[in-house]
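> just the structure for this:
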Amino acid sequence: MTAHPQKRVSSIVVGCAILEILANEARRLSLTEIARQAGMSPSKAHAYIVSFLQVGLIDRDADTGFYALGPFALRLGAAAMRHSDMIALARETVSSLRSETGCTVFLSIWGNRGPTIIHKVDGRWTLLPIQVGFVLPIVGSATGNVFLTHLPATETATLVQAELRAMCEPDTLVGEIMASVRRYGFAGMKPAQQYAGVAAPVLRHDGTIAAALTVSRPSEVIDAKLRRSLGTAALTAASALSKRLGYGT
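Residues are numbered from 1 along each chain as shown. All right, here's what the predicted structure looks like:
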């Protein structure tokens, strides 16, 4: 029997090139820049973008008119990540850490837009209003601080500078954060917002960061003593996961 070549929809293939461009960028892009990278005219690129906007694959900033991946693209990515080996490896650990602390526990990896939650178990006291696919700040969250410390500066610089400007914080804050994470082994945000947490790195066999394991609880009940206790629990659990990935063996 002669095999027939599989048919394809060429417009989908072309359109996915635009999605790939946005996926590879940690910033929003203008129509002109998207068209240039895709090797097509702005009018042709715009036609694809309009369709992607309608289904939520692309999002347009109302102030700048620049584009990034949209909510549906994030949900697709999160759905794919739910089946990843990392989640399968960490599921029992996340559940055990939740039982031990009573807190919400979640696992995050580094995505194209920053620290992205890929697995989450709610705590016994309250539901944390963030879900799988949520992108966390890199400077303004314990999870982000772990990645900030363990990733090369070349991967984080753009997001860090944008966040520092928005927070009106000096560049010296980055050094302070990294020194603290290296000293204690985990990151612990002061309870300045409704929720506060601690996060510890999950490391691969070569010492590079694979994920961050985070414990979070309403900030009004977190003091310095509890933060240290939760940090120790998160670090112990993350270290066990790191060992399963071959780190330190």
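> list the contacts for L159?
By C-beta atoms under 8 Å, 6 or more residues apart in numbering, L159 lies in contact with A26, R113, G114, I138. Any C-beta I mention is one placed from the backbone N, CA and C, and that applies to glycine too.
> at 7 Å what do you get?
Neighbouring residues of L159 by C-beta atoms under 7 Å, 6 or more residues apart in numbering: A26, G114, I138.
> what do you get for A90?
Contacts for A90 (C-beta under 7 Å, 6+ apart) come out as L107, H119, L241.
> confirm it sits in a strand?
No: going by DSSP: H, G, I helix; E, B strand; the rest coil, the assignment for A90 is helix, not a strand.
> A238: which element?
Using DSSP states H and E, A238 sits within helix 224-244.
> please disregard the earlier target; I meant V105.
strand 104-111.
> swap in L97?
Following DSSP H and E, one finds L97 within helix 85-101.
> and L57, how many neighbours does it have?
22 (other C-beta atoms under 10 Å).
> which parts of stretch 35-47 are buried?
Within stretch 35-47, the residues that count as buried by 16 or more other C-beta atoms under 10 Å are A35, Q37, A38, M40, P42, A45.
> give me phi/psi at the closest residue to the fourth one other than its chain neighbours?
Right, M40. Nearest residue to M40 in three dimensions, chain neighbours excluded: V14, at 7.7 Å (C-beta to C-beta, 6 or more residues apart in numbering). Main-chain dihedrals, V14, degrees, to the nearest 10: phi -70, psi -40.
> could you list every helix and strand that the helix or strand just after the strand holding V105 packs against?
Moving toward the C-terminus from strand 104-111, the next helix or strand (DSSP H and E) is strand 114-121. Here strand 114-121 touches helix 85-101, strand 104-111, helix 142-150, going by 3 or more C-beta pairs under 7 Å, 6 or more residues apart in numbering; DSSP states H and E.
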